[in-house]
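Visitor: For reference, the sequence and a predicted model appear below.
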Amino acid sequence: AGLHQPFPMSVASSAMGSPGRSDFALDSHEAVRRQAEWEREIESLDRREMELHQSQLRLIREQTATFLQDLATLKHDVDQLRAAHVSFARFPERLDRFERVMGESTERLARDVIAAHSRVNE
């Protein structure tokens, strides 16, 4: 009689679809249980999201390390190709020099053989 209720219990219970006060208490308890369950689910999702983020960062670090190793290998290979190209690019020059030296040596040898042969025939 001292408590003032804005709606009579029958109006409140009919609005909630339950016939009495005990059903309202059950609904309230169910709401608290659901809220606690949702909070646990959110915490679980937060943990899984953090684990996923950490896994992604670890994967990025591993991929970056692999990329840097591959890049170093590629640089080494390119350096070797450049060195081979420089050596090969000088090949025609070296071949010309070799032919010139061999030609000069052959001419000298031919003169020496002819001179030696003419001495023998004298």
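Guide: That came in fine, so what should we check first?
Visitor: drop to CA atoms for contacts and neighbour counts, all remaining ones
Guide: Fine.
Visitor: can you list the weak-confidence ranges in this protein?
Guide: The model of the chain has pLDDT under 70 over residues 1-25.
Visitor: Nearest the geometric middle of it, what residue?
Guide: Gln63 (3.0 Å; C-alpha atoms, centre = their mean).
Visitor: Next secondary structure after the helix or strand where that one lies?
Guide: Counting by DSSP states H and E, the element that carries Gln63 is helix 21-89. With elements assigned by DSSP H and E, the helix or strand that comes after helix 21-89 is helix 91-121.
Visitor: the inter-axis angle of that next one versus helix 21-89?
Guide: If you take axes from the mean of the first three to the mean of the last three C-alpha atoms, to 10 degrees, helix 91-121 sits at 30 degrees to helix 21-89.
Visitor: Check the offset of helix 91-121 from the chain's centre.
Guide: Here helix 91-121 is found 62 Å from its chain centre; the criterion is C-alpha atoms, centre = their mean, to the nearest Å.
Visitor: most distant residue from the middle of the chain?
Guide: Glu122 (85.7 Å).
Visitor: Distance of that residue relative to Ala116?
Guide: Using C-alpha to C-alpha, to the nearest Å, one gets 10 Å for the distance from Glu122 to Ala116.
Visitor: now do Leu57
Guide: Leu57 is 85 Å from Ala116, by C-alpha to C-alpha.
Visitor: How about Leu95?
Guide: Following C-alpha to C-alpha, the distance that separates Leu95 from Ala116 is 31 Å.
Visitor: And Arg40, by the same measure?
Guide: From Arg40 to Ala116 the distance is 109 Å (C-alpha to C-alpha).
Visitor: what's the answer for Met102, then?
Guide: Taken as C-alpha to C-alpha, the spacing of Met102 relative to Ala116 amounts to 20 Å.
Visitor: now Glu104
Guide: In terms of C-alpha to C-alpha, Glu104 sits 18 Å off from Ala116.
Visitor: do Gln56 as well
Guide: With C-alpha to C-alpha as the criterion, Gln56 and Ala116 are 86 Å apart.
Visitor: Tell me, how many residues neighbour Ala116?
Guide: 11 (other C-alpha atoms under 10 Å).
Visitor: ok, now the one 3 residues further on?
Guide: By the measure other C-alpha under 10 Å, the count of residues near Arg119 is 9.
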